[in-house]
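K.L.:
what shape does this take:
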Amino acid sequence: MAFNFWVTATVDLLLLLIFTVIPFSICQPTDQAPPPSADSCNSIFLSYSFNQGTKLPPNVTDRTRQPYRFESTLLILNNGLQELKSWKVFVGFQHDEFLVSASGAVLADGNSVPGNVGNGTVFAGFPMTDLKTAIETAGDFTQMQVQVKLVGTQFGVAPPNSPMPTNISLANDGYLCPRPTLLGKSEMHVCCRPDPSVKTNITTSEEFLPRQNGDLTIMYDVTRTYDSSYWAQVKISNHNPLGRLDYWKLSWEWMKDEFIYSMKGAYPSVVDSTDCIFGRQGTYYKDLDFANVLSCAKKPTIVDLPPTKANDTTLGLIPFCCRNGTILPSHMDSSKSISAFQMQVFKMPPDLNRSQITPPQNWKISGVLNPTYKCGAPLRVSPSEFPDSSGLPLNSTAVASWQVVCNITHVKDDTPKCCVSFSAYYNDSVVPCRTCACGCPHNTARTCNATSSAMLLPPEALLVPFENRTAMAVAWAGLKHYPTPNPMPCPDNCGVSINWHLYTDYRDGWSARITLFNWDEVNFADWFAAVQMKKAAPGFQAMYSFNATTLELDGANNTIFMQGNPGLNYLVGETDGVHPERDPRVPGKQQSVISFTKKNIQVLNMAAGDGFPTKVFFNGEECLLPKTFPVNDSQRNLASLIPSILTLLFVFVFVQQ
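P.N.:
Down below sits the predicted model:
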């Protein structure tokens, strides 16, 4: 017994001596200490370090396509005088990187991890979005810096070489970053300083960032909060004059196992509580009836409700709800440029207190035949204000508010969703939509030619579906002595096509006829279209079946915005013909004539392109234009006679000699 007591006492004494003698700094986590190069930076210090990499299967003969695992560390340190709110950092990946995980950050473009980042990407902080200064934290690096551990796959860079990015820079507004300095082959760093030319309206005393501008903004306002749940209102606002959504679908990603218990004004596309019942939510909330839970999906998809639910006491009675997923530009109808809904969200441990609220990340929104939107990370902003429910002339504020900014983007690989055909009074052939204008399947080699130019058509062919045009196109080619490809060109595969017909051209003015064809079964209520004209737009006079006006875009007043008059604002989908057993299906169609004047406009060459639009939009989506304009038949006939005339002239001269 005495021996055991002596051994225990000796061990305790040794442990006490170890923890007393060893300096406290050695006990701190090693990843909290910034590198020595950060000492010379008095602002925002960034560094990227490649830690290690290993070869991955399979083994390929092309060395540039051999995959390798990479592990790197991205450091963001605030050595400045002002707090860095909602930090964002660009990393210029260049080796076709596929990111598998990123601790302490999310992708700022709304995409999820794992995902491709080979063209470079912007990281945003999560859950630590703000970096405080050394002054306000007494040098506490846990509040001043973030170290993002990156793990992924890169291609073509074998050890001992390091797959370094081309650049790292701070993506927050108001900062300038020089080219990064490379240390050896596996580390780079840069010091980003405030731009002296930028006058910011943010002061060190302000708690939140100002609200940002964008084509589309989404507000996530927490209106009521409890220990284990809260109520949030989601409001979608359209700010782009050509932006629009039809049958919108909104999705996000819960980061801490939250789930949706109930909703008003919208609904999940799939009602399912299975993930909760078999997950830790079901283990914790033992007394909760999960039959009433709407969605336990980590990435739920939310859809709007039809107008019939607007006054429903259970599902509706939310301002700006229940529009069947339609959001219009504000200049068309400001009351229809907003969509909103409310939901009750349940939280999970350890976030069971009223103040612990984490907004969802990776927001995405899309529609049917609408522009492509890319959404950023949620930014904490000042609490929103709402009219008080008591009816008193005062406002109540949200508990907390976040703003998500979405902008219309044109991704290189995106295919258009609509197309344009050209025709003119001086040519009886139509230049149709391009082959595969809206994409083609990969297995078309045996059925059609995806690279052949579309065949010129007779005007009546525009009224029938593509699959019923073959005989008309072949007959027209034979009549006009046009070549007939074999196999025939593939269809345009567009849901909506627009024909622009140059109708008349005279000394003081000209006119065109625009026809919209809807080849889908989807109906478009309150549709709109827009055309840009390089030179002729200032001469716009009137439109006769549509309501049209000029619209300024990007500082130029060269866009004509048009929509259907009352009674003509509904573009129906494709329907069966009168005799379905033998007649082709009939597209939904709207048509109007538009007139222009030539006064006070430089000389216009209509056939050379001045009488045709340079851009065409339908419901905000830019449509693909033909590559050529209709040829003037009189000019073409004259050109075809020139060789004969020259031959006769040569014979006449020869005979005279």
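
K.L.:
what is the helix or strand hosting Ser595 packed up against?
P.N.:
Using DSSP states H and E, Ser595 sits in strand 588-597. When contacts are defined as 3 or more Cβ pairs under 8 Å, 6 or more residues apart in numbering; DSSP states H and E, strand 588-597 sits against strand 509-518, strand 540-543, strand 546-553, strand 556-564. Any C-beta I mention is one placed from the backbone N, CA and C, and that applies to glycine too.

K.L.:
at 6 Å what do you get?
P.N.:
In terms of contacts (3 or more Cβ pairs under 6 Å, 6 or more residues apart in numbering; DSSP states H and E), strand 588-597 is packed against strand 509-518, strand 540-543.

K.L.:
just name the shakiest helix or strand of this protein by mean pLDDT.
P.N.:
None of the helices or strands of the chain scores lower by mean pLDDT, DSSP states H and E than helix 24-27, at a mean of 35.

K.L.:
re earlier: any chance of the helices and strands packed on strand 588-597 in a markdown table, with distance to Cys494 too?
P.N.:
Formatted as a markdown table, the helices and strands packed on strand 588-597 follow (distance: least, Cβ to Cβ, whole Å):
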| stretch | distance to Cys494 |
| --- | --- |
| strand 509-518 | 9 |
| strand 540-543 | 23 |
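
K.L.:
of the ones you listed, which stretch is the most buried?
P.N.:
A comparison of these by mean neighbour count, using mean count of other Cβ atoms under 10 Å, puts strand 509-518 on top with a mean of 22.

K.L.:
mind listing what's buried in the strand holding Ser595?
P.N.:
Applying a neighbour-count criterion of 16 or more other Cβ atoms under 10 Å, one finds 588, 590, 592-596 buried in strand 588-597.

K.L.:
how far does it sit from its chain's centre?
P.N.:
Relative to the centre of its chain, strand 588-597 is centred 31 Å away, using Cα atoms, centre = their mean, to the nearest Å.

K.L.:
that one pairs with which strands, parallel or anti?
P.N.:
Strand 588-597 pairs in its sheet with strand 509-518 (antiparallel), strand 540-543 (antiparallel), by DSSP bridges.

K.L.:
next, the angle from that strand to strand 556-564.
P.N.:
140 degrees (axes from the mean of the first three to the mean of the last three Cα atoms, to 10 degrees).

K.L.:
quick one: contacts of strand 588-597?
P.N.:
Outside strand 588-597, the residues that touch it by Cβ atoms under 6 Å, 6 or more residues apart in numbering are 509-513, 515-518, 536, 539-546, 571-573.

K.L.:
8 Å instead?
P.N.:
463, 503, 508-518, 523, 527, 536, 539-546, 548, 560, 562, 564, 568, 571-575 (Cβ atoms under 8 Å, 6 or more residues apart in numbering).

K.L.:
kindly export that strand (C-alpha atoms) in CSV.
P.N.:
Extracted in CSV, the C-alpha atoms of strand 588-597 (Å, rounded to 0.1, in the frame of the first residue of the first chain):
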residue,chain,number,x,y,z
GLY,A,588,-48.7,29.0,-78.7
LYS,A,589,-48.3,32.2,-80.7
GLN,A,590,-48.3,36.0,-80.2
GLN,A,591,-47.6,38.5,-83.0
SER,A,592,-47.3,42.3,-83.5
VAL,A,593,-45.9,44.8,-86.0
ILE,A,594,-43.5,47.5,-84.8
SER,A,595,-42.8,50.7,-86.7
PHE,A,596,-39.7,53.0,-86.9
THR,A,597,-38.8,56.3,-88.3
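
K.L.:
what's the angle from it to strand 546-553?
P.N.:
Using the same axes, to 10 degrees: strand 588-597 against strand 546-553 is 70 degrees.

K.L.:
next SSE after strand 588-597?
P.N.:
Scanning onward from strand 588-597 (DSSP H and E), the first element met is strand 615-618.

K.L.:
show me what that following strand is packed against.
P.N.:
Going by 3+ Cβ pairs under 8 Å, 6+ apart, strand 615-618 lies up against strand 418-424, strand 496-505, strand 528-532.

K.L.:
pLDDT on whichever helix or strand comes after that strand, on average?
P.N.:
Heading C-terminal from strand 615-618, the first helix or strand you meet, by DSSP H and E, is strand 621-622. When pLDDT is averaged along strand 621-622, the result is 93.

K.L.:
neighbouring contacts of strand 621-622?
P.N.:
Under the criterion Cβ under 8 Å, 6+ apart, residues 369-371, 410, 416-418, 615-616 lie in contact with strand 621-622.

K.L.:
okay if I get these as JSON lines plus neighbour count?
P.N.:
Below are the contacts of strand 621-622 laid out as JSON lines (neighbours: other Cβ atoms under 10 Å):
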{"residue": "Leu369", "neighbour count": "24"}
{"residue": "Asn370", "neighbour count": "21"}
{"residue": "Pro371", "neighbour count": "25"}
{"residue": "His410", "neighbour count": "9"}
{"residue": "Pro416", "neighbour count": "23"}
{"residue": "Lys417", "neighbour count": "24"}
{"residue": "Cys418", "neighbour count": "27"}
{"residue": "Lys615", "neighbour count": "16"}
{"residue": "Val616", "neighbour count": "21"}
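
K.L.:
can you add pLDDT and distance to Leu56 and give the residues you listed back as TSV?
P.N.:
Shown next, in TSV, are the contacts of strand 621-622 (pLDDT from 0 to 100; distance: Cβ to Cβ, whole Å):
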residue	pLDDT	distance to Leu56
Leu369	87	40
Asn370	91	39
Pro371	91	38
His410	80	34
Pro416	91	37
Lys417	91	38
Cys418	95	42
Lys615	95	45
Val616	97	47
